[in-house]
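A.B. asks: What would the 3D arrangement of this be:
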Amino acid sequence: MATRHFLSLLDLSGEELNGVIERAIELKALRNQGIATEPFRDKVLGMIFEKSSTRTRVSFEAGMAQMGGSALFLSPRDTQLGRGEPIEDSARVISRMVDMVMIRTFGHNVLERFAAYSRVPVINALSDSYHPCQLLADIQTYVEHRGNPAGKVVAWVGDGNNMCHSYINAARQCDFELRIACPDGYEPDEAIVAEAGDRVSIVRKPADAVRDADWVATDVWASMGQETEQKERERAFDGFLVDHELMGLANSGAVFMHCLPAHRGEEVSGELLEDDSISVVWDEAENRLHAQKALMEFLQDQSS
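C.D. replies: Down below sits the predicted model:
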């Protein structure tokens, strides 16, 4: 059986995506009931981090431990990856010693090259192009709180970054309408938008995206590696704060999401972030654990 990888949401069919979300909800319930499942006994996850993380490392490492396996943290400082060994060679070696690999990196081509030479499933734990694991958690969260997102209106307010790209892919997979509000010059990749067809539209004013939306999401204005652009981006994104006033334009019952970490007072108000009648960010963060456990279980089953 061919090895299955998860480099973007599009690596799953719509039916497979629904199955992973359903299993994530089931695994969450089992954990809350204190019922252990250990399909990864004697299995090892290799975790390659070129970008630092809190939620990604904790969720993957805890998930493997809870399901009977173990995880190895690998940084460029500690491996030959940081000393110029070709990605292809590292993939050949590492994938002979572990059962699955997750990579958090900058260029998406690193993931593609590694996956091409890996014997085991490779998971995109974040690249500059996509953050699909976060979208698994976001979709799970919406399903838990409001049900099936098909036919709903989702508003993305902010940079056309990797999260935005993954929301575009989610619109394709989950069949919802996505409105992206971003300043001129900060649009998502044209090709990714084009592939989504009429499911995606780009507007310049946050209000135009949020009006009558069912689900509103944002992210920091300057992502990791863009810190030198912070002041410039603050000027460009002036007026893009998501707060109670902006959320008032959304449909009654609309939820707010943020992948975290959040800069209170910049892209989101502290009051909205902490308002659990609208904000579901803490459930969203927790669901990284459950969604990734379901994903790893799926990839193992598909590749065995």
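A.B. asks: and M163, that's in a strand?
C.D. replies: No: counting by DSSP: H, G, I helix; E, B strand; the rest coil, M163 falls outside a strand, being helix.
A.B. asks: Please tell me how far the nearest residue to it once chain neighbours are set aside sits from E266.
C.D. replies: Using Cβ to Cβ, 6 or more residues apart in numbering and skipping the chain neighbours, the partner closest in space to M163 is D219 (4.8 Å). Every residue, glycine included, has its C-beta placed from N, CA and C. To E266, D219 is 11 Å away according to Cβ to Cβ, to the nearest Å.
A.B. asks: Compare those two (neighbour count), which wins?
C.D. replies: D219 (26 against 19; other Cβ atoms under 10 Å).
A.B. asks: show me the contacts for the residue nearest to M163.
C.D. replies: 158-159, 161, 163-164, 258-259, 267 (Cβ atoms under 8 Å, 6 or more residues apart in numbering).
A.B. asks: would you list these in CSV and tack on neighbour count, pLDDT and distance to R23?
C.D. replies: Output for these, formatted as CSV (neighbours: other Cβ atoms under 10 Å; pLDDT from 0 to 100; distance: Cβ to Cβ, whole Å):
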residue, neighbour count, pLDDT, distance to R23
G158, 27, 98, 30
D159, 26, 97, 31
N161, 24, 97, 28
M163, 26, 98, 23
C164, 27, 98, 26
H258, 25, 98, 25
C259, 23, 97, 21
E267, 22, 98, 32
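A.B. asks: Closest one to H108 out of those residues, please.
C.D. replies: H108 has its nearest neighbour among those in N161, at 12.5 Å by Cβ to Cβ.
A.B. asks: Quick check: the closest one touching A222?
C.D. replies: No: using Cβ atoms under 8 Å, N161 is not in contact with A222; the gap is 9.6 Å.
A.B. asks: thinking again about what came up before, ok, the contacts of D219 vs G185, which is closest?
C.D. replies: The closest of the contacts of D219 to G185 turns out to be D159 (Cβ to Cβ; 10.3 Å).
A.B. asks: mind showing which ranges of the stretch 151-300 of the chain have poor pLDDT?
C.D. replies: 224-226 (pLDDT under 70).
A.B. asks: now swap in the stretch 1-150 of the chain and tell me
C.D. replies: In the stretch 1-150 of the chain (pLDDT under 70), the answer is 79-83.
A.B. asks: quick one, strands of it?
C.D. replies: Remark: strands assigned in the stretch 1-150 of the chain by DSSP state E, counting those that start in this stretch are 44-49, 70-74, 100-104, 122-126.
A.B. asks: among those strands, which is nearest D175?
C.D. replies: Of all the strands of the stretch 1-150 of the chain, strand 122-126 sits nearest to D175, with 22.4 Å by Cβ to Cβ.
A.B. asks: Please enumerate the strands of the stretch 151-300 of the chain.
C.D. replies: Using DSSP E, counting those that start in this stretch, strands in the stretch 151-300 of the chain cover 153-157, 177-181, 200-203, 215-218, 255-258.
A.B. asks: okay if I get the ones you listed as CSV plus distance to H145?
C.D. replies: CSV is the format used below for these (distance: least, Cβ to Cβ, whole Å):
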stretch, distance to H145
strand 153-157, 13
strand 177-181, 18
strand 200-203, 23
strand 215-218, 9
strand 255-258, 6
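A.B. asks: and Y142, which of the ones you listed is closest to it?
C.D. replies: Here strand 215-218 is closest among these (Cβ to Cβ), at 5.8 Å.
A.B. asks: who does that closest one touch, helix- and strand-wise?
C.D. replies: Packing partners of strand 215-218 (3 or more Cβ pairs under 8 Å, 6 or more residues apart in numbering; DSSP states H and E): helix 132-146, strand 153-157, strand 255-258.
A.B. asks: Pull the residues that contact that strand.
C.D. replies: With contact meaning Cβ under 8 Å, 6+ apart, strand 215-218 is reached by 138, 142, 146, 149, 152-158, 163, 167, 176, 210, 240, 242, 246-247, 250, 254-259, 267-268.
A.B. asks: how far away is the residue lying closest to A2 once chain neighbours are set aside from K43?
C.D. replies: Setting aside the residues directly before and after it, A2 is nearest to S303 in space (Cβ to Cβ, 6+ apart), at 7.6 Å. With the distance defined as Cβ to Cβ, S303 ends up 12 Å from K43.
A.B. asks: I am finished for the moment; much appreciated.
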